[in-house]
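Colleague: let me see the structure of the following:
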Amino acid sequence: MKSAALRLSGLCVAAVLIAFGSACESSSWQRHLSRGPDAAAALPETDAVRIRQVPWERIEETLGTIRAEVAASDVHPDEWPEERRQAQKATLLRGLQISEPPEGVLVVGSSEFRTTSNPGDEESLRRVARAVGADTVVWSSRLLGKADKVIQEPVSGWTTGTVWSRDADGKLRPRSQNEHTTAWVPVVVRADETGYVAFFLRTRG
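Modeller: This next block holds a predicted model:
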(Lines give C-alpha, C1' and ligand atoms only; values in the text may rest on other atoms or scores of the structure.)
Protein backbone atom coordinates (compact mmCIF):
# COMPACT_ATOMS: atom_id res chain seq x y z
CA MET A 1 0.00 0.00 0.00
CA LYS A 2 1.18 3.47 -0.81
CA SER A 3 1.46 5.56 2.30
CA ALA A 4 -1.36 8.02 2.79
CA ALA A 5 0.13 9.79 5.79
CA LEU A 6 1.35 13.36 5.79
CA ARG A 7 3.57 15.25 8.14
CA LEU A 8 2.79 18.90 7.64
CA SER A 9 5.82 21.13 8.07
CA GLY A 10 5.08 24.83 8.43
CA LEU A 11 2.14 25.34 6.12
CA CYS A 12 3.56 22.79 3.70
CA VAL A 13 2.24 19.29 3.27
CA ALA A 14 4.98 16.65 3.00
CA ALA A 15 4.40 12.91 2.66
CA VAL A 16 5.71 10.56 5.30
CA LEU A 17 4.87 7.10 6.62
CA ILE A 18 3.49 7.04 10.13
CA ALA A 19 4.94 4.26 12.26
CA PHE A 20 2.59 1.74 13.80
CA GLY A 21 1.97 2.24 17.53
CA SER A 22 1.79 -0.37 20.26
CA ALA A 23 -1.48 -1.54 21.69
CA CYS A 24 -2.97 0.51 24.50
CA GLU A 25 -6.37 1.61 25.70
CA SER A 26 -6.57 4.63 23.40
CA SER A 27 -8.09 4.28 19.95
CA SER A 28 -5.99 3.49 16.88
CA TRP A 29 -6.72 7.01 15.64
CA GLN A 30 -5.09 8.44 18.77
CA ARG A 31 -2.11 6.07 18.81
CA HIS A 32 -1.18 6.94 15.22
CA LEU A 33 -1.86 10.66 15.44
CA SER A 34 0.70 12.92 13.78
CA ARG A 35 0.46 16.62 14.60
CA GLY A 36 0.07 19.07 11.73
CA PRO A 37 1.68 22.46 11.24
CA ASP A 38 -1.19 24.37 12.78
CA ALA A 39 -2.09 24.52 16.45
CA ALA A 40 -5.57 24.98 17.85
CA ALA A 41 -7.03 25.06 21.33
CA ALA A 42 -8.91 21.96 22.43
CA LEU A 43 -12.66 22.01 21.90
CA PRO A 44 -15.22 21.61 24.71
CA GLU A 45 -16.96 18.23 24.89
CA THR A 46 -20.22 19.91 23.88
CA ASP A 47 -18.86 21.26 20.57
CA ALA A 48 -20.01 19.49 17.43
CA VAL A 49 -17.41 17.74 15.25
CA ARG A 50 -18.19 17.13 11.59
CA ILE A 51 -17.23 13.64 10.33
CA ARG A 52 -16.89 13.00 6.61
CA GLN A 53 -15.80 9.96 4.62
CA VAL A 54 -14.26 10.34 1.15
CA PRO A 55 -13.11 7.71 -1.37
CA TRP A 56 -9.65 6.24 -0.76
CA GLU A 57 -8.74 6.71 -4.42
CA ARG A 58 -9.33 10.45 -4.16
CA ILE A 59 -7.04 10.85 -1.15
CA GLU A 60 -4.37 8.60 -2.66
CA GLU A 61 -4.36 10.59 -5.90
CA THR A 62 -4.14 13.89 -4.00
CA LEU A 63 -1.23 12.74 -1.85
CA GLY A 64 0.53 11.37 -4.94
CA THR A 65 0.32 14.83 -6.51
CA ILE A 66 1.76 16.41 -3.37
CA ARG A 67 4.59 13.88 -3.13
CA ALA A 68 5.49 14.46 -6.77
CA GLU A 69 5.67 18.22 -6.27
CA VAL A 70 7.89 17.85 -3.22
CA ALA A 71 10.18 15.39 -5.04
CA ALA A 72 10.51 17.68 -8.07
CA SER A 73 11.42 20.74 -6.03
CA ASP A 74 15.08 21.79 -5.79
CA VAL A 75 14.20 23.72 -2.64
CA HIS A 76 13.06 22.15 0.61
CA PRO A 77 9.37 22.81 1.29
CA ASP A 78 10.30 24.63 4.51
CA GLU A 79 11.88 27.29 2.29
CA TRP A 80 8.98 27.65 -0.11
CA PRO A 81 7.34 31.07 -0.31
CA GLU A 82 4.04 31.49 1.48
CA GLU A 83 2.11 31.56 -1.78
CA ARG A 84 3.41 28.12 -2.79
CA ARG A 85 2.74 26.66 0.64
CA GLN A 86 -0.83 27.88 0.52
CA ALA A 87 -1.26 26.46 -2.98
CA GLN A 88 -0.17 23.01 -1.78
CA LYS A 89 -2.46 23.27 1.21
CA ALA A 90 -5.31 24.12 -1.17
CA THR A 91 -4.49 20.96 -3.16
CA LEU A 92 -4.85 18.86 -0.02
CA LEU A 93 -8.14 20.47 0.97
CA ARG A 94 -9.60 19.99 -2.50
CA GLY A 95 -8.70 16.32 -2.29
CA LEU A 96 -10.49 16.15 1.06
CA GLN A 97 -13.54 17.86 -0.47
CA ILE A 98 -13.28 20.81 1.91
CA SER A 99 -15.02 23.84 0.40
CA GLU A 100 -13.96 26.45 2.96
CA PRO A 101 -11.24 28.91 1.83
CA PRO A 102 -7.77 27.36 2.51
CA GLU A 103 -6.54 30.45 4.34
CA GLY A 104 -9.26 29.93 6.95
CA VAL A 105 -8.58 26.23 7.56
CA LEU A 106 -6.05 24.82 10.03
CA VAL A 107 -4.57 21.37 9.42
CA VAL A 108 -3.97 20.23 12.98
CA GLY A 109 -3.15 16.56 12.46
CA SER A 110 -3.47 13.29 10.58
CA SER A 111 -3.62 9.60 11.48
CA GLU A 112 -2.88 6.56 9.32
CA PHE A 113 -2.59 2.88 10.09
CA ARG A 114 -3.53 -0.62 9.01
CA THR A 115 -5.29 -3.11 11.24
CA THR A 116 -7.22 -6.36 11.37
CA SER A 117 -9.30 -5.03 14.27
CA ASN A 118 -12.03 -2.45 14.70
CA PRO A 119 -10.38 1.02 14.75
CA GLY A 120 -13.15 2.54 16.83
CA ASP A 121 -16.42 4.27 16.04
CA GLU A 122 -17.07 7.87 15.00
CA GLU A 123 -17.19 8.95 18.63
CA SER A 124 -13.53 7.91 19.04
CA LEU A 125 -12.70 10.16 16.07
CA ARG A 126 -14.58 13.01 17.72
CA ARG A 127 -12.65 12.59 20.96
CA VAL A 128 -9.32 12.83 19.14
CA ALA A 129 -10.58 15.79 17.11
CA ARG A 130 -11.69 17.75 20.18
CA ALA A 131 -8.37 17.03 21.92
CA VAL A 132 -6.35 18.58 19.06
CA GLY A 133 -8.83 21.39 18.41
CA ALA A 134 -10.33 20.06 15.18
CA ASP A 135 -13.98 20.59 14.28
CA THR A 136 -13.84 18.50 11.09
CA VAL A 137 -12.51 15.01 10.42
CA VAL A 138 -12.12 13.62 6.90
CA TRP A 139 -11.35 9.90 6.81
CA SER A 140 -11.16 7.00 4.40
CA SER A 141 -10.48 3.27 4.43
CA ARG A 142 -9.50 0.52 2.04
CA LEU A 143 -9.42 -3.27 2.27
CA LEU A 144 -5.80 -4.36 1.81
CA GLY A 145 -6.13 -8.15 1.81
CA LYS A 146 -5.32 -10.86 4.32
CA ALA A 147 -2.81 -10.61 7.16
CA ASP A 148 -1.79 -12.70 10.17
CA LYS A 149 -3.64 -11.96 13.38
CA VAL A 150 -2.99 -13.44 16.82
CA ILE A 151 -6.08 -14.33 18.81
CA GLN A 152 -6.57 -16.14 22.10
CA GLU A 153 -8.36 -19.51 21.86
CA PRO A 154 -9.59 -21.62 24.81
CA VAL A 155 -8.20 -25.13 25.15
CA SER A 156 -10.01 -27.39 27.61
CA GLY A 157 -8.89 -30.63 29.20
CA TRP A 158 -8.84 -32.76 32.30
CA THR A 159 -6.10 -33.15 34.85
CA THR A 160 -5.77 -35.94 37.40
CA GLY A 161 -4.31 -35.33 40.80
CA THR A 162 -4.10 -36.81 44.24
CA VAL A 163 -5.85 -35.36 47.27
CA TRP A 164 -5.55 -36.48 50.87
CA SER A 165 -8.56 -36.80 53.14
CA ARG A 166 -9.43 -38.51 56.41
CA ASP A 167 -11.62 -41.58 56.32
CA ALA A 168 -14.05 -42.74 58.96
CA ASP A 169 -11.29 -43.97 61.30
CA GLY A 170 -9.47 -40.65 61.09
CA LYS A 171 -6.60 -41.84 58.92
CA LEU A 172 -5.33 -39.80 55.99
CA ARG A 173 -5.74 -41.64 52.73
CA PRO A 174 -4.96 -40.59 49.15
CA ARG A 175 -7.55 -40.57 46.41
CA SER A 176 -7.53 -39.55 42.78
CA GLN A 177 -9.47 -36.51 41.63
CA ASN A 178 -10.19 -35.30 38.09
CA GLU A 179 -10.43 -31.57 37.43
CA HIS A 180 -11.63 -29.76 34.32
CA THR A 181 -9.24 -26.98 33.19
CA THR A 182 -9.31 -24.26 30.52
CA ALA A 183 -6.22 -22.46 29.23
CA TRP A 184 -6.05 -19.60 26.72
CA VAL A 185 -3.38 -20.01 24.06
CA PRO A 186 -2.31 -17.66 21.23
CA VAL A 187 -3.33 -18.82 17.76
CA VAL A 188 -2.32 -17.20 14.45
CA VAL A 189 -5.19 -16.84 11.98
CA ARG A 190 -5.66 -15.06 8.66
CA ALA A 191 -7.92 -12.00 8.81
CA ASP A 192 -8.95 -9.09 6.59
CA GLU A 193 -6.59 -6.13 6.96
CA THR A 194 -7.89 -2.60 6.35
CA GLY A 195 -5.97 0.64 5.87
CA TYR A 196 -7.32 3.82 7.46
CA VAL A 197 -6.41 7.49 7.15
CA ALA A 198 -7.92 10.60 8.74
CA PHE A 199 -7.19 14.33 8.64
CA PHE A 200 -8.13 16.61 11.50
CA LEU A 201 -9.05 20.16 10.49
CA ARG A 202 -10.19 23.40 12.13
CA THR A 203 -12.55 25.13 9.73
CA ARG A 204 -14.08 27.76 12.00
CA GLY A 205 -12.56 30.32 14.29
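Colleague: ok, longest helix in this protein?
Modeller: Of all the elements of type helix in the chain, the one with the most residues (DSSP state H) is helix 56-72.
Colleague: quick check: buried residues in the next helix or strand after it?
Modeller: Counting by DSSP states H and E, the next helix or strand C-terminal to helix 56-72 is helix 82-95. Under the neighbour-count criterion of 16 or more other CB atoms under 10 Å, helix 82-95 has 84-85, 88-89, 91-93, 95 buried. In this view, the C-beta of every residue, glycine as well, is placed from N, C-alpha and C.
Colleague: what about Thr115, distance to His32?
Modeller: Distance from Thr115 to His32, counting by CB to CB, to the nearest Å: 9 Å.
Colleague: now swap in Glu57 and tell me
Modeller: Glu57 sits 21 Å away from His32, going by CB to CB.
Colleague: who's more crowded, the two?
Modeller: More neighbours surround His32 than the other of Glu57 and His32, with 24 against 10 (other CB atoms under 10 Å).
Colleague: ok so, going back, I'd like the buried residues of helix 82-95 as JSON lines, with pLDDT and distance to Ala72 appended.
Modeller: Listed next are those as JSON lines, based on pLDDT from 0 to 100; distance: CB to CB, whole Å:
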{"residue": "Arg84", "pLDDT": "91", "distance to Ala72": "12"}
{"residue": "Arg85", "pLDDT": "88", "distance to Ala72": "16"}
{"residue": "Gln88", "pLDDT": "91", "distance to Ala72": "12"}
{"residue": "Lys89", "pLDDT": "92", "distance to Ala72": "18"}
{"residue": "Thr91", "pLDDT": "95", "distance to Ala72": "14"}
{"residue": "Leu92", "pLDDT": "95", "distance to Ala72": "17"}
{"residue": "Leu93", "pLDDT": "96", "distance to Ala72": "21"}
{"residue": "Gly95", "pLDDT": "95", "distance to Ala72": "18"}
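Colleague: now the two most distant members of those.
Modeller: Maximum pairwise distance among the buried residues of helix 82-95 (CB to CB): 17.1 Å, between Arg84 and Gly95.
Colleague: mind checking the SS state of Val107?
Modeller: Classification of Val107 by DSSP: H, G, I helix; E, B strand; the rest coil places it in strand.
Colleague: where's the spatially closest residue to it that is not a sequence neighbour relative to Val132, distance?
Modeller: Closest residue to Val107 apart from its sequence neighbours, by CB to CB, 6 or more residues apart in numbering: Gly36 at 4.2 Å. The spacing between Gly36 and Val132, counted by CB to CB, is 8 Å.
Colleague: residues shared between the contacts of those two?
Modeller: 108-109, 200 (CB atoms under 8 Å, 6 or more residues apart in numbering).
Colleague: ok, and the most crowded of the residues you listed?
Modeller: Phe200 (31 neighbours).
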